[in-house]
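Trainee: everything below, folded, please.
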Amino acid sequence: MTNKYFGKKVFLCYFILMLCISVTIANEQSPLDSLQKTLTTLEGEDRLNALNDIWALIAMGDDLNAELTAIEHLRSEAAQQGNIDVESQAREKEIFCLYNYNMFDKLEAVLPGHLEFLAKHKQWDNYYNCWEAKIELLIYADKTQTALRETQLMYDDAKLRNNNYGLGVSAHTLGILYQTQQRYDLAIESFNEAIERLTKEENISLLLSTYNVFCETLDANQQYEQMLTIAKQWEATIDNYKLESEKLGYTPMLNGRYMYCYLSLVIAHFKSGNTDQAEYYLDIAEELAEGRSMISQFKLVHVQTRWFEHLGQYDKAIACADINYQRMLSFGDSISSLTVLENKARILRKAGKGMEAALMYETVMMAKDSLRNLNMAAQLDELRTIYEVDKLILENKISKSRLIILFIISIFLVLLVVGYIFYTVRLNRKNKILFEKIRQTQQAETQVEKVIEHAPEKSLSKEQLLFRKLNSLLTKNHAFTDPKLSRKDLSDLLGTNSTYLANAIKECSDGMSVNEYINRIRLVYAGNLLLEASEISPDVAGEEAGFNSRSTYYRLFRDYYGMSPSEFRKISKKSVRKTAL
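Mentor: Okay, here's the model as predicted:
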């Protein structure tokens, strides 16, 4: 936010600071009580500064009504003094206060009036910030299409006004949309553009927020070296802003900004192998988080959970996850609570508590399926709402020719849906045929292995004997489920050398290498799990089979089976059901 009205003289700042300190000491009151007591003695700009400081202190807590009251006092005083800058900032504070407390109905009610006021007085920074909050509200409500439309409108508006800040806000918002859709490469591209534009602006509030979501995106995409670079830029930006503000005689409240930045540095450092640096920043972040809002506490405990998991201190990590789960339930954030449970299940599995982890995974998967259905229904409702609105606009403003175009588009959409259904039917039929061929091939391969297994030893070559011994080892001990299993490990287990083992596999398995053969065993095992264990997800089946890379697992599975694990499970269920009938 702009700091025009904070440009006080050093002497005046010092005088007010000393006055607050002396009153606090004399009456043993909190800084908030002292400011409120001295408020009656202040006028003009000093009174506005005090009201802003009162709001800042209250905003550190979790009292919605108190914060809204403080904002209203600031706004009312600014309006009375005719200070458009401060009144605009107060209006923006109210929007983000309502957003942070999930008061979306009230936000929607007051936002149009605020936008109208800000546009009328050409307060474009505050104007685009409030518009951006509206779009984030739409994202939160899973109204992605509407959010995209609003973002395009905001971009067009900013371009028409040649407003660099508005274009930066548009890029920031588009990045959040891409992040929500897990299109991380596009999100990173948008955030880079947003930083490039917002760095040129005096208002750094959104720039700091962009750094925050940028780091979250890089974290989700596991680009930790780049995340470390961006987090350091973020820290330097806050440091420079603090230094410049102090030169102007104003000490900004930046604990929250530093805390989020340091938490990103914690993750970036320990994921990059810098454990000592991660611990250093975590200690500072914990101090900065004291007394802050529930959202800040959730972020801190989330990072603490990952930190303890990284250290192998699983009991502490689980305890942190439980704390955050309860907080998210009380906050009414079901999506975040599921994320916490999923993280806890992963930690339980690492801690050797497989049964608890499996039960929790099952709970999470069921809840996610339910949320996915709700999300799909919400998207359909959104599309229906958009359609109805467009229909009204067409009835009022569009000519007959436009209606004909709409009809053509509708027919095209119907044909597209029919084409999609036809394609899906053909794809399912193809997958069924492919599934049966694969099972026949597997049965044939198994038959060959059984022939070797039951053949008299004298009739087998030394390679076939070694291959039979290998299959016995893999069948009985499931050694292939160890992701770190190597050719040397297998050779040592069989009491032979790598060359003999490679020759045996090549001769008895149609020219496969050792790694290819192990991966084939893993793929067959994963396929059987998907056939027999309905509670195991495709990802877990890959992990259980010994794959340590999700992308490798999916690529090899598709190469071998001709379809994804999810498609395989769907087709296999239908095939099993058909066989049973």
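Trainee: any idea how far residue 210 is from the residue of the chain most remote from its centre?
Mentor: When distances are taken from the C-alpha mean of the chain, residue 458 lies farthest, 61.0 Å away, according to C-alpha atoms, centre = their mean. Residue 458 is 74 Å from residue 210, where distance means C-beta to C-beta, to the nearest Å. Every residue, glycine included, has its C-beta placed from N, CA and C.
Trainee: please apply the same query to residue 124.
Mentor: Taking C-beta to C-beta, one finds residue 124 at 18 Å from residue 210.
Trainee: one more: residue 190?
Mentor: In terms of C-beta to C-beta, residue 190 sits 9 Å off from residue 210.
Trainee: likewise residue 412?
Mentor: For residue 412 relative to residue 210 (C-beta to C-beta), the value is 38 Å.
Trainee: got it, and residue 357?
Mentor: For residue 357, the distance to residue 210 - C-beta to C-beta - is 36 Å.
Trainee: look at these two and report which has more neighbours.
Mentor: Neighbours per residue, other C-beta atoms under 10 Å: of residue 357 and residue 210, the larger number sits with residue 210, 29 against 19.
Trainee: give me the buried positions along the helix or strand that contains that one.
Mentor: In this assignment (DSSP states H and E), residue 210 forms part of helix 205-220. Neighbour counts over helix 205-220 (16 or more other C-beta atoms under 10 Å) mark 205-219 as buried.
Trainee: which residues of this protein score low on pLDDT?
Mentor: Per-residue confidence for the chain (pLDDT under 70) gives these ranges: 1-30, 368, 370-403, 422-455, 457, 572-581.
Trainee: what are the boundaries of the strands in it?
Mentor: In the chain, no strands are defined using DSSP state E.
Trainee: can you report how many residues lie near the closest residue to residue 537 other than its chain neighbours?
Mentor: Spatial nearest neighbour of residue 537, chain neighbours left out: residue 365 (6.0 Å); criterion: C-beta to C-beta, 6 or more residues apart in numbering. Counted with other C-beta under 10 Å, residues neighbouring residue 365 total 17.
Trainee: hmm, residue 536 and residue 365 touching each other?
Mentor: No. Look at residue 365 against residue 536 with C-beta atoms under 8 Å: they stay out of range, at 9.7 Å.
Trainee: quick one: residue 67 from residue 111, how far?
Mentor: Taken as C-beta to C-beta, the span from residue 67 to residue 111 is 17 Å.
Trainee: should've said residue 185
Mentor: To residue 111, residue 185 is 32 Å away according to C-beta to C-beta.
Trainee: so between these two, which is more surrounded?
Mentor: residue 111 (20 against 10).
Trainee: using CSV, write out every CA atom in the helix holding residue 210.
Mentor: Below are the C-alpha coordinates for helix 205-220, written out as CSV (Å, rounded to 0.1, in the frame of the first residue of the first chain):
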residue,chain,number,x,y,z
SER,A,205,2.3,-5.2,-1.1
LEU,A,206,1.2,-7.3,-4.1
LEU,A,207,4.8,-7.8,-5.1
LEU,A,208,5.5,-9.5,-1.8
SER,A,209,2.3,-11.6,-2.2
THR,A,210,3.5,-12.6,-5.6
TYR,A,211,6.8,-13.8,-4.2
ASN,A,212,4.8,-15.9,-1.7
VAL,A,213,2.6,-17.7,-4.2
PHE,A,214,5.6,-18.0,-6.6
CYS,A,215,7.6,-19.9,-3.9
GLU,A,216,4.6,-22.1,-3.2
THR,A,217,4.3,-23.0,-6.9
LEU,A,218,8.0,-23.8,-7.1
ASP,A,219,7.7,-25.9,-4.0
ALA,A,220,4.8,-27.8,-5.5
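Trainee: list of residues touching that helix?
Mentor: 1, 129, 132, 168-169, 172, 175-176, 179, 182, 184, 187-188, 191, 194-195, 198-199, 201, 224, 226-227, 230-231, 233-234, 237-238, 257, 260-261, 264, 267-268, 271 (C-beta atoms under 8 Å, 6 or more residues apart in numbering).
Trainee: ok, residue 137 - contacts?
Mentor: Residue 137 neighbours (C-beta under 8 Å, 6+ apart): 99, 104, 107, 108.
Trainee: what do you get for residue 138?
Mentor: Contacts of residue 138 by C-beta under 8 Å, 6+ apart are 144, 146, 147, 150.
Trainee: what about the helices in the stretch 251-400 of the chain?
Mentor: Counting by DSSP state H, counting those that start in this stretch, one finds helices in the stretch 251-400 of the chain at the ranges 255-271, 275-289, 294-311, 314-331, 334-350, 354-397, 400-454.
Trainee: residue 163 touches residue 122, doesn't it?
Mentor: No. Contact criterion C-beta under 8 Å: residue 163 and residue 122 do not qualify, at 10.2 Å.
Trainee: for the two, indicate the residue with more neighbours.
Mentor: Set side by side, residue 163 and residue 122 show more neighbours around residue 163, with 18 against 10, by other C-beta under 10 Å.
Trainee: count of neighbours near residue 555?
Mentor: For residue 555, using other C-beta under 10 Å, the count is 11.
Trainee: any idea how far residue 485 is from it?
Mentor: 19 Å.
Trainee: how about residue 309?
Mentor: Counting by C-beta to C-beta - residue 309 and residue 485 are separated by 25 Å.
Trainee: sorry, back to before: give me the common contacts of residue 190 and residue 210.
Mentor: Taking C-beta under 8 Å, 6+ apart as the criterion, residue 190 and residue 210 both touch 172, 175.
Trainee: what about residue 314, neighbour count?
Mentor: The burial count for residue 314: 17, using other C-beta under 10 Å.
Trainee: can you tell me the closest non-neighbouring residue to it?
Mentor: residue 351 (3.8 Å).
Trainee: neighbours around the one you found, how many?
Mentor: Per other C-beta under 10 Å, the neighbour tally for residue 351 reads 17.
Trainee: which residues does it contact?
Mentor: With C-beta under 8 Å, 6+ apart, residue 351 has these contacts: 314, 315, 318.
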